[in-house]
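> Need coordinates for the below:
(one chain, ligands or ions: 1)
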Amino acid sequence: MSNRVLMGITGASGAIYGRALLDELTRLDVEVHLIVSPTSHIVIREELGITFPGGRFDPEVYLGRAVPRGRIVMHSDGDLAAPPASGTFRCAGMVICPCSMKTLGTLAAGTGSNLVTRAAEACLKERRRLVVVPRETPLSLIHLRNMVTLTEAGAIVLPAMPGFYHRPQTIDELVRHLVLKILDALGLRHTISYRWKDPD
Ligand SMILES: Cc1cc2nc3c(=O)[nH]c(=O)nc-3n(C[C@H](O)[C@H](O)[C@H](O)COP(=O)(O)O)c2cc1C
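Numbers count the residues shown, from 1 in each chain. Got it, this is the predicted structure:
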């Protein structure tokens with residue numbers, strides 16, 4: 001299996017989840033191919049107070065730390081000729097976190113027109129793992145139907161619904177629990193340890 005993982009960040013609330021997930025992915029033995037939608041910049045600014053010099057997404061500004069060379073490969077959301085646009089791009093799977101209802105609806109309709117949606121469609125057609133982490137509430141019938149469609153097509157819909165059974169004391173603990181669920185869904189080995197009654 002390839003050690004590449006595709007990650008899309010779209011403009012749903014929950015920028016904190018995307019950042020925590022990317023932070024964890026860069027600590028694992030994987031090469032993250034990252035695509036960030038333009039609207040994400042607005043949400044990241046509003047929720048995390050981060051703006052990027054020159055309007056260009058910078059993973060080190062986003063994570064607030066240096067990232068070892070080669071851990072993150074950036075692709076522009078507008079670049080439909082980038083390697084992840086093709087089903088021939090080898091990767092273990094893709095996660096979209098957070099995933100907006102717009103992106104989810106586009107995937108359900110099969111009409112991807114940016115790199116996030118095109119790469120996700122390529123994963124679906126090649127039967128690779130696709131994990132989407134939507135955030136919206138309440139959900140309309142259209143949202144729910146789109147989630148059913150994606151599930152039927154083989155995607156894992158993993159809503160940003162934090163659990164409380166591990167008794168989180170901080171927002172970070174709340175967020176990391178969801179990151180654990182996402183990494184499990186991607187089939188990646190990791191060391192986040194909030195498992196229910198796990199002797200390890
Ligand atoms: C501050 C802010 C918060 C938003 N929160 C959500 C949200 O929680 N869920 C959602 O589906 N869309 C949300 N949106 C709307 C999406 O950003 C919008 O539908 C956008 O077109 C999504 O585009 P993208 O999927 O290409 O990033 C939000 C927008 C802004 C500016």
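> Contact residues of this structure facing the ligand?
Residues of the chain lying close to the ligand (CB under 6 Å from any ligand atom) are 10-13, 37, 39-40, 42-43, 46, 100-103, 135-136. Just so you know, the C-beta spots here come from the backbone N, C-alpha and C atoms, and that holds for glycine as well.
> helix/strand/coil for the residue in the chain that the ligand sits nearest to?
The nearest approach of the chain to the ligand comes at residue 11, 2.8 Å away (CB to the nearest ligand atom). What DSSP: H, G, I helix; E, B strand; the rest coil gives for residue 11 is coil.
> again, but for the one 10 residues further on
Assigned state for residue 21: helix (three-state reduction, three-state DSSP).
> Wait, it touches residue 95, no?
Yes. In this structure residue 21 lies within contact range of residue 95 using CB atoms under 8 Å: 7.0 Å.
> neighbour count winner among the two?
residue 95 (29 against 24; other CB atoms under 10 Å).
> In a strand, that one, correct?
Yes. Applying three-state DSSP, one finds residue 95 inside a strand.
> Quick check: buried residues in the longest helix belonging to the chain?
Determined from DSSP state H, the single longest helix within the chain is helix 171-186. Going by neighbour count (16 or more other CB atoms under 10 Å), the buried part of helix 171-186 is 174-186.
> One more: stretch 93-112?
Applying a neighbour-count criterion of 16+ other CB under 10 Å, one finds 93-101, 103-108, 112 buried in stretch 93-112.
> quick one: contacts of the helix or strand hosting residue 146?
In the assignment (DSSP states H and E), residue 146 maps to helix 141-152. Identification of contacts with helix 141-152 by CB atoms under 8 Å, 6 or more residues apart in numbering yields 101, 104-105, 107-108, 130, 132, 134, 136, 139, 157.
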